[in-house]
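Engineer: Give me coordinates for this.
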Amino acid sequence: MAMNTAFLALLQLLLLLLPPSLRDYLGARPSDHGVDQQLQVYHPIILQGGFGCPKLEARLTDAYTPSLPRCGALKGKGWFPLWNGTGDLLNHHYMRCFEEQMSLVFDPVLNGYQNQHGVETRVPNFGSAYGFSYKDETCPFCCNVRLRNELEALGYRDGDNLFGAPYDIRHAPPRPGQYSQVYSEYFARVKDLVQNASEKNGNKPVIFIGHSFASRLILDFVNSTPLQWRKKFIKHLVLLSPTPHTGFMDVVANLVSGPRVFPFPNVPNLALRPMWWSFASSLLSLPSPMVFGHEPLIITKHRNYSAYDYPDFLAALGFSIKGVSPLTKLPPPTDMRVEAPMVPTTVLSGFGIETTKQMVFWDGNFDVSPELVYGDGDGVVNFNSVLAFTKELERQQVLENILFKFVKIPNVAHGDITIQDHSFKIVLDEILEANS
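Structural biologist: Alright, predicted model coming up:
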């Protein structure tokens, strides 16, 4: 007995040394993982991971002209994983090639984005909840992995009643009045997936669960469909830490200092900035003037920039894609609209975490680390924007007597909402309620 007590005490000490997300998961009771639990009904679920989670494959044709000889080594050898993990890229000295082959080209005539000449890409594992994974080993339960495991413990099975619709992270859904071939094709595939999932499960409507950027895509997809279709095929939307249409400051920070969503060790974010600028998604969800007003987002000695000043700010930053500035992709300040999906919706979001609200480059040098001014949020998305976003969604849904629920979770970071034990239980309860 004394030995068992000592062992348990030692085990508790070892758990304290683990990262919080892993500690919460391993320290949970078996019943918390859905063991020996079964549901009364199984509505099909489409589970969507956030921005860093989908994979991307590439194929190099004879038309591809590499900048370095090694970048053309895979030419004519079929499909290969381009964005699947950070380790292989670094171990094989493929970073320069990765940046080149991931980058898009902006066509001012078509007012759209395309792959580099001679580079073809595709997103693998469409239809599977396993189409999402984190790209290094630092976060084994990121990308909804813990949630997927829990749903499987409850009786869900990938391909039967559990699905996924991975997407190309470089592209952005079109704004009203614009066209995107990539998203036109993607939304058509998602629509077919929803209908097939419903038919496969006794014509039950589908539950969408999306985290972060995926929540934005889910809303944009649903709002692209006829109202009667969505009322027939969609039971509920569960949006976890959504990146709101009203925008958030992290988008500006990524434009200035390079993307944080690519976890390459020993590779500065700034080095990835040119590649990031080429993505259509880099300009999505800029802070809306309707929420952020004239408050400075970027502060310098000679000029401050607010949400009304994006053209001037991007010009000062030197934002361009191979010399072409796609500022026509930016909406006017009054065009950042929030459109409710008009189906039952639950939004869950964290707050109480320091979140960047201003960046100070006093000397006007955007290539150095800024001084940061913090406000409230989940460490990525500003809470004032979440509040404005959810208030407008609720207003529209209530007018039509359609369920809308907003669950605020204190002290939970953006990426931890489906990892930390406390918030995970809240998320799972909401999913089970949506499934009832």
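
Engineer: Kindly provide the distance from the residue nearest to residue 267 when sequence neighbours are not counted to residue 71.
Structural biologist: Spatial nearest neighbour of residue 267, chain neighbours left out: residue 95 (6.6 Å); criterion: Cβ to Cβ, 6 or more residues apart in numbering. Bear in mind the C-beta positions are built from the backbone N, C-alpha and C, glycine included. According to Cβ to Cβ, to the nearest Å, residue 95 and residue 71 sit 10 Å apart.

Engineer: who's more crowded, these two?
Structural biologist: With neighbours defined as other Cβ atoms under 10 Å, residue 95 and residue 71 compare such that residue 71 has more, 19 against 15.

Engineer: Quick check: the more buried one is in a helix.
Structural biologist: Yes. Per DSSP: H, G, I helix; E, B strand; the rest coil, residue 71 lies within a helix segment.

Engineer: quick one: it and residue 100 touch, right?
Structural biologist: Yes. If you go by Cβ atoms under 8 Å, residue 71 and residue 100 touch, sitting 6.1 Å apart.

Engineer: any weak-confidence spans in the chain?
Structural biologist: Across the chain, the ranges flagged by pLDDT under 70 are 1-37, 88, 90-92, 176-177, 322-336.

Engineer: So which residues of it form helices?
Structural biologist: Ranges of helices within the chain are 2-16, 20-26, 86-91, 95-102, 145-153, 181-200, 213-223, 227-233, 249-257, 273-277, 289-292, 310-317, 383-399, 421-435, based on DSSP state H.

Engineer: among these, which is nearest residue 46?
Structural biologist: Checking the helices of the chain against residue 46 by Cβ to Cβ gives helix 181-200 as the closest, at 6.8 Å.

Engineer: in terms of contact, does residue 141 touch residue 419 like I think?
Structural biologist: Yes. Residue 141 is within contact range of residue 419, at 5.0 Å (criterion: Cβ under 8 Å).

Engineer: who has more neighbours, the two?
Structural biologist: Neighbours were counted for residue 141 and for residue 419 using other Cβ under 10 Å; residue 419 has more, 25 against 22.

Engineer: if I look at the more buried one, how far off is residue 125?
Structural biologist: Residue 419 sits 22 Å away from residue 125, going by Cβ to Cβ.

Engineer: What of residue 142?
Structural biologist: With Cβ to Cβ as the criterion, residue 142 and residue 125 are 17 Å apart.

Engineer: what's the answer for residue 290, then?
Structural biologist: Taking Cβ to Cβ, one finds residue 290 at 38 Å from residue 125.

Engineer: what does residue 321 give?
Structural biologist: Shown here: residue 321 relative to residue 125, a distance of 29 Å by Cβ to Cβ.

Engineer: now do residue 310
Structural biologist: 36 Å.

Engineer: out of the two, which sits in the more crowded spot?
Structural biologist: residue 310 (22 against 17).

Engineer: doesn't residue 287 make contact with the more buried one?
Structural biologist: No. The criterion here is Cβ under 8 Å, and residue 310 misses it with residue 287 at 9.2 Å.

Engineer: Let me see the ranges of the strands in the stretch 251-400 of the chain.
Structural biologist: Here the stretch 251-400 of the chain has its strands, by DSSP state E, counting those that start in this stretch, at 298-299, 304-305, 345-351, 353-360, 371-377.

Engineer: most tightly surrounded among these?
Structural biologist: Greatest average neighbour count among the strands of the stretch 251-400 of the chain goes to strand 345-351 (a mean of 24), per mean count of other Cβ atoms under 10 Å.

Engineer: Which elements pack onto that strand?
Structural biologist: strand 234-240, helix 383-399, strand 404-410, helix 421-435 (3 or more Cβ pairs under 8 Å, 6 or more residues apart in numbering; DSSP states H and E).

Engineer: Dump the ones you listed to CSV, plus distance to residue 165.
Structural biologist: CSV is the format used below for these (distance: least, Cβ to Cβ, whole Å):
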stretch, distance to residue 165
strand 234-240, 13
helix 383-399, 22
strand 404-410, 23
helix 421-435, 17
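
Engineer: would CSV of those with distance to residue 116 and mean neighbour count be doable?
Structural biologist: What follows is the helices and strands packed on strand 345-351, written out as CSV (distance: least, Cβ to Cβ, whole Å; neighbours: other Cβ atoms under 10 Å):
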stretch, distance to residue 116, mean neighbour count
strand 234-240, 33, 24
helix 383-399, 34, 19
strand 404-410, 41, 17
helix 421-435, 39, 18
